[in-house]
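Q: Here is my input, please return the structure:
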Amino acid sequence: MARQGHLQVDGVSKQFRVGGSDLQVLDSVDLSVAPGEFLTIVGASGCGKSTLLRLIAGLDPDFRGGIILDGRRVTEPGLERGLVFQEPRLFPWLTVTQNVALGLLNAGLGKAEKRRAVLEHIALVGLTGFKDAYPHQLSGGMAQRVAIARGLVNRPGVLLLDEPFGALDALTRARLQDELQRIWAAEQITMLLVTHDVEEAVYLGDRVVVMAPRPGRIAASFDVAQPRPRNRTSAALAGVRSSVMTALEATIATQVFGTPRTAPRPIGVSRDLATADGRA
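A: Below you'll find the model as predicted:
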């Protein structure tokens, strides 16, 4: 049986109606994500990263092009896609167990199966001792772990993460990045993470995609061929970060000045980049 989580984005374009005219937010975005791949997406504010994630989640059916997941066209939200936002969005009157169980409302499982799945995923994110706690009794990082457990509890083929650590302090953010890598390895599902943080994108991703703004489009793609667990301070990762930053800065310069100050590397950068001892 083929692995779940093969995502194909084919020529996706999106417009919003703003002030009586159409604003082009995404323009002919093509993206292929392999089953089990950890893909990270970076780009300047307003480049359409979160919009693209919402379209993949099925939250907005009004777009041109196609989004195909495991051979089926995405037209609406589905249990095969989990979604984690920047804010945990927990219900304050529900316990950790009850909040995670919301991810199984339409799963068609029996009561015992649901409870077992919920407890397994609470354990997966390291919150077994807090299963009966309420959101106000949790730290920000713990609340985000609950959101991740809720996104995973239905065992989706793809987990979509929209700036999940953006509101956290640096230390908590680093710890949750490591936790997310551990969970990804344990669950072996496809993950797409949108972030403004280049270091986070390179540290977590098998591949980093850079989006250009206005309209949003794919500007460059970088493979990160480093084994896990990764060393944040390694020369190889520093080299990839430098190249991603160069491509990102070029997209911003193009937006502001009309032409790129520094030409980005072409799409599909060689895997040699990630093993070149920091030479970019």
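Q: Only C-alpha atoms from now on, for both contacts and neighbour counts.
A: Will do.
Q: what about stretch 10-29, start to end distance?
A: Start and end residues of stretch 10-29 are separated by 7 Å (Cα to Cα, to the nearest Å).
Q: Buried residues, it. List them.
A: For stretch 10-29, the neighbour count (16 or more other Cα atoms under 10 Å) marks 10-15, 24-29 as buried.
Q: cool, and stretch 61-69?
A: Counting neighbours by 16+ other Cα under 10 Å, one finds that the buried residues in stretch 61-69 are 66-69.
Q: Let me know whether Gly141 touches Gly166 as I believe.
A: No - between Gly141 and Gly166 there is no contact under Cα atoms under 8 Å: 10.7 Å.
Q: Inside strands: which ones of the buried residues of stretch 61-69?
A: The strands, defined by DSSP state E, take in 66-69 from the buried residues of stretch 61-69.
Q: Can you add distance to Leu180 and secondary structure and give the buried residues of stretch 10-29 back as a markdown table?
A: Below are the buried residues of stretch 10-29 laid out as a markdown table (distance: Cα to Cα, whole Å; DSSP: H, G, I helix; E, B strand; the rest coil):
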| residue | distance to Leu180 | secondary structure |
| --- | --- | --- |
| Asp10 | 28 | strand |
| Gly11 | 30 | strand |
| Val12 | 28 | strand |
| Ser13 | 30 | strand |
| Lys14 | 30 | strand |
| Gln15 | 33 | strand |
| Gln24 | 33 | strand |
| Val25 | 29 | strand |
| Leu26 | 28 | strand |
| Asp27 | 31 | strand |
| Ser28 | 30 | strand |
| Val29 | 27 | strand |
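Q: ok, those residues vs Asp206, which is closest?
A: Distance to Asp206, by Cα to Cα, is smallest for Val29 among those, at 19.6 Å.
Q: from what I can see the closest one touches Lys14, true?
A: No - look at Val29 against Lys14 with Cα under 8 Å: they stay out of range, at 9.5 Å.
Q: Now Arg173: which helix or strand?
A: Assigned by DSSP states H and E, Arg173 belongs to helix 170-187.
Q: Distance from that helix to the middle of the chain?
A: Chain-centre distance of helix 170-187: 13 Å, with Cα atoms, centre = their mean, to the nearest Å.
Q: buried residues in that helix?
A: By neighbour count with 16+ other Cα under 10 Å, helix 170-187 contains the buried residues 173, 176-177, 179-184.
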